[in-house]
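**Student:** test case, fold it:
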Amino acid sequence: MMSAPLTFALPAPDLGAWRAGNTGTEGVWRFDSGAPGRHVMITALVHGNELCGAWALKGLLEAGVRPAQGTLTLAFCNLAAFGRFDAADHDASRFVEQDMNRQWSDARMDAADTLERRRAAQLRPFVREADWLLDLHSMHEPSAPLLLTGPHPRNQELARAMAAPEHIVIDAGHQDGTRMRDYGRFGLPDAEAGGSRSLLIECGFHGDPASRAVAQDQCLRFLQAAGTVDAAGLDRLLPGWRLPDAPRQWALEVTGPVVARSERFRFAAPYTGLEVFPQAGTVIGDNDGEPVATPYDDCVLVMPSTRQARAGVTVVRFARRRPL
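**Tutor:** Predicted coordinates for the structure are as follows:
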């Protein structure tokens, strides 16, 4: 089925006062408490049309949030793509040349042959130095928020401690490149990763103002869990940012992707994600004439979308669900 147009109701934030940063790297801010503690990093605008994270970082800066211990780094990542943003054609500002969130290997960054690879290389020193990373994103389609932990138990424990959102995606990444969340020691097994933690939050549809509220809430919960600022300080500085805890949390263990053969991939219905199919073999789409069916009972769809469909692009992932 064809994707219907969606209303883009979240305005683009004015980043003029915050674009330069204070580190010598455009868009990157760093605040050092002078006291021992974790180096915590929050990133936004890895994709230029994902505005919710930019709103959240702007809010943290405007509120004067500073670490009580350790260091806090805030980064607006793909400013070149964001500079092209047009709500009437928002997908066109996802990136300039290629998806920045598939370029996080040293070989790709060192190649420096695209704008996104050069920009990732500028951000690389900050990501390397971070102990905890929260990467703020949004989605092509309306959906409940999803917190992506990767396969590592340490990140799942952090998701449980944060107590929101309801759905936690346990995934091994994308076949077409490494995400920032998986770069360097963030991608290592628990026994080798030291005290590192890394999360990626998909806050909802790009153009839904509710995605901004989710991004704000996740920033607050992450900073509290990291010990960067205590709960009382966060609630004082960021009134209205804390949303209710999730009533429960589900782990969605991704078992594999469906990769489009071409831009002609079609779903059998207008899925928005988190649909549960009781029976294995249920046909959910057509991939250039080949039926796509659920591989097991109680299969969950994670982030189905054809808006970026072309050969080699993941259009949905299958997952098994259990209590977190």
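**Student:** now do the helices in the stretch 51-200 of the chain.
**Tutor:** 51-62, 79-82, 106-111, 115-129, 153-162 (DSSP state H, counting those that start in this stretch).
**Student:** CA atoms only: put the shortest one into CSV for me.
**Tutor:** The C-alpha coordinates for helix 79-82 follow below in CSV (Å, rounded to 0.1, in the frame of the first residue of the first chain):
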residue,chain,number,x,y,z
LEU,A,79,23.6,20.8,10.6
ALA,A,80,24.1,20.8,6.8
ALA,A,81,21.1,18.6,6.3
PHE,A,82,19.1,20.5,8.9
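**Student:** helices or strands up against it?
**Tutor:** Contact partners of helix 79-82 among helices and strands, from 3 or more Cβ pairs under 8 Å, 6 or more residues apart in numbering; DSSP states H and E: none. C-beta here means a position set from N, CA and C on the backbone, and glycine is covered the same way.
**Student:** may I see the buried residues of that helix?
**Tutor:** 79-82 (16 or more other Cβ atoms under 10 Å).
**Student:** list just the nearest of these to Leu123.
**Tutor:** Leu79 (10.9 Å; Cβ to Cβ).
**Student:** so what's that closest one closest to, chain neighbours aside?
**Tutor:** Spatial nearest neighbour of Leu79, chain neighbours left out: Gly27 (5.2 Å); criterion: Cβ to Cβ, 6 or more residues apart in numbering.
**Student:** wouldn't the one you found be in contact with Phe76 here?
**Tutor:** Yes. Contact status for Gly27 versus Phe76: in contact at 3.8 Å, counting by Cβ atoms under 8 Å.
**Student:** am I right that Ala280 sits in a helix?
**Tutor:** No. Ala280 is assigned coil when assessed by DSSP: H, G, I helix; E, B strand; the rest coil, not a helix.
**Student:** separation between it and Asp297?
**Tutor:** Shown here: Ala280 relative to Asp297, a distance of 5 Å by Cβ to Cβ, to the nearest Å.
**Student:** shared neighbours, the two?
**Tutor:** Residues touching both Ala280 and Asp297 by Cβ atoms under 8 Å, 6 or more residues apart in numbering: none at all.
**Student:** follow-up on the earlier one: what do Gly27 and Phe76 both touch?
**Tutor:** 18-19, 21, 45.
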